[in-house]
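In: build me a structure from this.
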Amino acid sequence: MKRGKKYLEKAKLVNRAALYDVDAACALIPQIASAKFDETVEAHIRLGVDSRHADQQVRGAVVLPHGTGKTVRVLVFAKGEKADEAEKAGADYVGAEDMIAKIQGENWFDFDVVVATPDMMGLVGRIGRVLGPKGLMPNPKAGTVTMNVAQAIEEIKAGKIEYRLDKTNIIHVPVGKVSFGPEKLQDNFQTLMSAIIKAKPSAAKGTYLRSVTLTTTMGPSVKVNAAKISE
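Out: Modelled structure (predicted):
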């Protein structure tokens, strides 16, 4: 893949053979962003588990102390009082069968997170095949299937993110924006890593954190010393 001049200049700042401590990596990230827009900073964490086994799944949610820097659009499936509660809490879209019809009929996906009350999951299950592959299916472990819709919405708007393994046993999640600066990025990153370490399955054997990388939308990646994170 051919890289632009800006990228190549920024890449010179990164020692590709080095494993950076967390504070050094978070200090370097804002320096290597090369785009004119405020790039998202992402963490890519490879775990020593096998996601094919149910007892080695790693999935959960955590509220980042400084949020993600992104405005999150929330769709809530609820009826009656819970629908009213969702609207008051700041949900962007609230509905039931009407929202299902809109998604199915218009291929509508102008939302980032889906929350549902437990009694609505039978209905939401009808579009599981389209929500699932997009990572939008509500899940109790992520706190998105709940009767407390107001709290769920507030946490999501405040910077709650969901983390889970992909098929290659890697977790990909945003930890903020370049404009956050080193300290806020470090706070967010360490909050995320603490949650992932606590979520270690008892069935996991050997090294849990295999590799940890921080990167910006358009910039080069920075390898983090995973051994020090797990201490």
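
In: tell me the domain ranges of this structure?
Out: Recorded structural domains for the chain (assignment: automatic domain parsing) are 14-67+160-229, 74-157.

In: nearest to Lys6, out of these?
Out: Minimum separation from Lys6 across those (CB to CB) falls at domain 14-67+160-229, 4.2 Å. Using the backbone N, CA and C atoms, a C-beta is placed for each residue, glycine as well.

In: quick check: end-to-end length of that closest one?
Out: End-to-end distance for domain 14-67+160-229, by CA to CA, to the nearest Å: 20 Å.

In: and the nearest residue to Pro140 once chain neighbours are set aside, how many neighbours?
Out: Closest residue to Pro140 apart from its sequence neighbours, by CB to CB, 6 or more residues apart in numbering: Thr146 at 7.5 Å. The tally of other residues near Thr146 (other CB atoms under 10 Å) stands at 17.

In: residues touching Met218, list them.
Out: Counting by CB atoms under 8 Å, 6 or more residues apart in numbering, Met218 touches 7, 33-35, 39.

In: any idea which of these is least confident?
Out: Across the contacts of Met218, the smallest pLDDT goes to Tyr7, namely 78.

In: quick one: contacts for that residue?
Out: Contacts of Tyr7 by CB under 8 Å, 6+ apart are 34, 218-220.

In: how far away is Ala204 from Ile196?
Out: 12 Å (CB to CB, to the nearest Å).

In: what sits in contact with each of those two?
Out: Taking CB under 8 Å, 6+ apart as the criterion, Ala204 and Ile196 both touch Leu47.

In: neighbour-wise, which of these two wins?
Out: Taking other CB under 10 Å, Ala204 and Ile196 do not tie; Ile196 has more neighbours (22 against 17).
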